[in-house]
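1. Test case, fold it:
(one chain, ligands or ions: 2)
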Amino acid sequence: MKSWFVRLMIASTGAVAGHAALAALPPPPKPIGIKPAPAPAPAAPLSAIAQYLNIDINAPARYASVTLPAYYDAQLLRSDNTPPNNRITDKGATLGRVLFWDKRLSVNDTVACATCHQPANGFSATTQFSKGYSGVSGTAHAMGLANIAFYRDGRMFWDRRAASVEAQATQPIQNTIEMGYDASNGGINALLVKMQGLPYYPELFKAVYGDAAITEQRIQLALAQFERSMISANSRWDQGYAKTYNAGLADKGLSLDVPGLTAQENTGRRLFMGGPNNGGIGCAGCHQPPTFALSPNSLSNGLDAGETRVFKSPSLKSLSPGQPMMHDGRFTTFEQVVSFYNLGVKNGPALDNRLKTQRGDPRVPNLSRTDQAALVAFLKTLDDPTLRIDTRFGNPFKQ
Ligand code: HEC
Ligand code: HEC
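-> Ligands and ions are numbered 1, 2, ... in the order given. Next up is the predicted model:
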């Protein structure tokens, strides 16, 4: 049994080269807050998981068959970017949760995905730029991950450089600033070897994939399942729209006043939902309800004059007050965001037509102060407090 494991691991990851790379690393610092590993006990297959983690991989939490609101209808679900070979399973997403929270996925055991993508903050960060494993900051704001499944195009990162959620998932691990497994630190193979030596991973991979081989692709699949499970459908807007959703109407009831929102919030909602010729200013043309994920054909929003890069936006669900917004985290309040769209959109090759007049100039809605305040009030109704505290996304490690 044991030699079969070892053969499989070497076959799948090139363990010899990985070991050489691992030997070049500085000795790992003492893990913080985690009990020392016991000697592996092959006779009791679940012991290592229980030692390290507050999960039962054979009785996982529910990720695959959650009940979504009725307005997550068949048409909407067609915008789900899940590939056919990576449907969410409860066990797969549970492994993804462990990977997402494991600081050992960084070279010096200090940074996990969750360090920058904090559930309490919409899976984003309160700081403009996040520090990686050596204390150095990057130059982009950590993106919120809620409703990531519904960006139909599936491309990831602000500049859309990753082709899919899966392809993105191991890039932070290999990033020189973020988690540090770049070529100089042995690359992904050094991590795969390290994970084989962590007692819980061979058991978890076996439970999910049927054998204990730890590969980059399996890490990608599990992380992507976990991330696509982060669905935000319980904001105050959702609770109200659940009552006015009407599959028989052309706009499915999105233009109707939403019960439970104040008059001011509903004014802001009308501005957001309506097109420029329809009493609104067209936000929903790009940030599409009910997921508020970006339309796949959206170009840039004109933050800087002459911009040539096409940026995407995360879903607007679960943006928290004070959270830096936009690719460089330049705004920290909805007031600043609304003031930008109201008067500050700049022209450039990447500016989307939806933000231009017929003459090709940037659109200037020139909203009154009252309307600006209403739009801000509406954006706040998209916050989803249940997602922040959902234990399925919390830290699975024993403290
Ligand atoms: C040091 C902070 C940091 C760590 C650690 C980190 N991220 Fe990120 N994440 C970011 C930043 C910053 C961006 C935006 C980068 C860019 O676009 O250039 C980002 C973007 C993303 C995106 C793109 C979202 C979208 O809508 O396009 C995903 C998905 C993601 N991260 C997942 C992960 C996963 C999975 C891990 C762990 C394996 C991880 N991140 C680790 C900071 C971090
Ligand atoms: C042409 C499509 C388009 C329209 C119309 C549009 N946006 Fe955006 N929005 C974007 C893009 C693209 C980004 C990301 C820009 C970047 O960071 O470079 C973005 C970013 C945002 C963000 C920050 C998201 C984050 O996680 O940091 C907010 C908030 C926002 N938009 C609100 C609005 C509001 C309110 C309106 C209506 C006044 C609006 N948008 C209209 C395309 C659009």
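
2. burial measure for residue 255, as a count.
-> 17 (other Cβ atoms under 10 Å). C-beta: built from backbone N, CA, C; applies to glycine.

3. swap in residue 369?
-> Neighbour tally, residue 369, other Cβ under 10 Å: 7.

4. now it: how far from residue 300?
-> Distance of residue 369 to residue 300, computed by Cβ to Cβ, to the nearest Å: 27 Å.

5. try residue 156
-> According to Cβ to Cβ, residue 156 stands 17 Å off from residue 300.

6. Please apply the same query to residue 271.
-> Relative to residue 300, residue 271 is positioned 21 Å away (criterion: Cβ to Cβ).

7. likewise residue 150?
-> 20 Å.

8. can you give me how far stretch 132-142 is from the chain middle?
-> Its chain's C-alpha centre and that of stretch 132-142 lie 17 Å apart, by Cα atoms, centre = their mean, to the nearest Å.

9. what's the neighbour count on the nearest residue to residue 347 once chain neighbours are set aside?
-> For residue 347, ignoring the flanking residues on the chain, the nearest one in space by Cβ to Cβ, 6 or more residues apart in numbering is residue 362 at 5.2 Å. By the measure other Cβ under 10 Å, the count of residues near residue 362 is 18.

10. Who does residue 362 form a beta bridge with?
-> Counting by DSSP bridges, residue 362 is bridged to residue 356.

11. ok, it touching residue 354?
-> No: here residue 362 lies out of contact with residue 354, judged by Cβ atoms under 8 Å, at a distance of 11.0 Å.

12. do you know how far the residue in the stretch 1-150 of the chain positioned nearest to ligand 2 is from residue 375?
-> Residue nearest to ligand 2 within the stretch 1-150 of the chain (Cβ to the nearest ligand atom): residue 144, separated by 5.3 Å. Going from residue 144 to residue 375 by Cβ to Cβ gives 19 Å.

13. Equivalent analysis for residue 63, please.
-> 34 Å.

14. Same check on residue 252?
-> On the measure of Cβ to Cβ, residue 252 and residue 375 end up 22 Å apart.

15. For those two, work out which one has more neighbours and name it.
-> Using other Cβ under 10 Å, the more surrounded residue of residue 252 and residue 375 is residue 375, with 28 against 19.

16. For that one, give me its contacts.
-> 268, 271, 272, 281, 283, 334, 338, 367 (Cβ atoms under 8 Å, 6 or more residues apart in numbering).

17. Could you let me know which of these ends up closest to ligand 1?
-> Nearest to ligand 1 among the contacts of residue 375, with distances taken as Cβ to the nearest ligand atom, is residue 283, at 18.0 Å.

18. host element of the closest residue to the closest one other than its chain neighbours?
-> Excluding its sequence neighbours, the residue lying closest to residue 283 (Cβ to Cβ, 6+ apart) is residue 272, at 4.4 Å. Residue 272 is part of helix 263-273, with elements assigned from DSSP states H and E.

19. Then residue 386?
-> Using DSSP H and E, residue 386 falls in helix 385-389.

20. Within range of ligand 2, give me the residues from this protein.
-> With the criterion set to Cβ under 6 Å from any ligand atom, the chain comes near ligand 2 through 144, 158, 281-283, 285-287, 298, 300-301, 303, 311-314, 316, 319, 325-327, 337-338, 341, 352, 354-355.

21. Next step: those restricted to helices.
-> 337, 338 (DSSP state H).

22. Tell me the predicted confidence for residue 321.
-> Per-residue confidence (pLDDT) for residue 321: 77.

23. That one touches residue 379, doesn't it?
-> No: counting by Cβ under 8 Å, residue 321 sits too far from residue 379 to count as a contact (9.8 Å).
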